[in-house]
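[1] Could you look at this predicted model? Sequence included:
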Amino acid sequence: MKHGKKYSESAKLIETGKLYDVNEAAELVVKTATAKFDETVEIHVRLGVDSRHADQQVRGAVVLPNGTGKTVRALVIAKGDKAAAAEAAGADYVGAEEMIAKIQNENWLDFDVVIATPDMMGLVGRLGKVLGPRGLMPSPKAGTVTPDVAKAVAEAKAGKIEYRLDKTNIIHCPIGKVSFGAEKIQENFDALMGAIIKAKPAATKGQYVKSCVLATTMGPGVKLNVAKFGN
């Protein structure tokens, strides 16, 4: 794959084969970001688990101390008092059957997170084929199926992110913007990594964190020293 001049120049700052500590990696991703927009900083963690087994799933959510730098649009599926509480908490869209119909009939997807009360999940379940592949399906594990919708909205707006394994046993997550600077990126990294380590399944054998890469949207990846993550 051929990369542009800026990418190649940035890549020279990263030593081939070197495994960096988090603070060094955070500084490098900020330094190597050359795009004209505020690039997102992403983390890619490969785990020594097999996501095909139910007892080796790794999934959850964590509020990043410095947020993600992204404005989160929250849709809440609720009725009555819960709907009123969601509106008061600052949800962008609140409704019940009419919202589900809008998604089904108009393919409406102008939101970043879906929060639902438990009693509405029978209806929300119909949207599995639409929301599931996009990672938008509410789930109790992620705290997006809850009677306390106001708290869920506040957390989503504050920078709560969901982490989960893909089919290749890798977790991909945004942990901020380049403009945050290295220190805030490291704080967000520590919060997410702490949650992933805490979520280690009991059935895991051998090394849990196999590899970890920090990268910006357009920049080269920086490999981290995973020995420090208590494998």
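    Cool, the structure landed.
[2] Show me how this protein divides into domains.
    5-67+160-229, 74-157 (automatic domain parsing).
[3] residue ranges with poor pLDDT in this protein?
    Residues of the chain meeting the criterion pLDDT under 70: 1-4, 6-11, 230-231.
[4] what's the distance between stretch 181-195 and the middle of its chain?
    On the basis of Cα atoms, centre = their mean, to the nearest Å, stretch 181-195 sits 13 Å off its chain's mean C-alpha point.
[5] Next, the buried residues of it.
    Buried positions in stretch 181-195, judged by neighbour count with 16 or more other Cβ atoms under 10 Å: 182, 184, 185, 186, 187, 188, 189, 191, 192, 193, 195. All C-beta atoms are positioned from the backbone trio N, CA, C, and that covers glycine.
[6] helix/strand/coil for the second one?
    So the one you mean is residue 184. helix (DSSP: H, G, I helix; E, B strand; the rest coil).
[7] doesn't residue 176 make contact with it?
    Yes - Residue 184 is within contact range of residue 176, at 6.3 Å (criterion: Cβ atoms under 8 Å).
[8] what touches both of those two?
    Common neighbours of residue 184 and residue 176 (criterion: Cβ atoms under 8 Å, 6 or more residues apart in numbering): residue 66.
[9] quick one: the strands in the protein?
    Secondary structure of the chain by DSSP state E: the strands cover 40-47, 59-63, 74-77, 93-95, 113-116, 160-164, 170-177, 209-216, 222-223.
[10] what are the pairing partners of the shortest one, and which direction each?
    Sheet pairing for strand 222-223, assigned by DSSP bridges, gives strand 209-216 (antiparallel).
[11] quick one: the partner strand to strand 170-177, angle?
    Per axes from the mean of the first three to the mean of the last three Cα atoms, to 10 degrees, the angle that strand 209-216 makes with strand 170-177 is 40 degrees.
[12] before we move on, back to that, okay if I get the strands of the chain as CSV plus distance to residue 103 and mean neighbour count?
    Output for those, formatted as CSV (distance: least, Cβ to Cβ, whole Å; neighbours: other Cβ atoms under 10 Å):
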stretch, distance to residue 103, mean neighbour count
strand 40-47, 26, 21
strand 59-63, 22, 18
strand 74-77, 9, 27
strand 93-95, 10, 19
strand 113-116, 9, 26
strand 160-164, 19, 20
strand 170-177, 24, 21
strand 209-216, 32, 20
strand 222-223, 38, 22
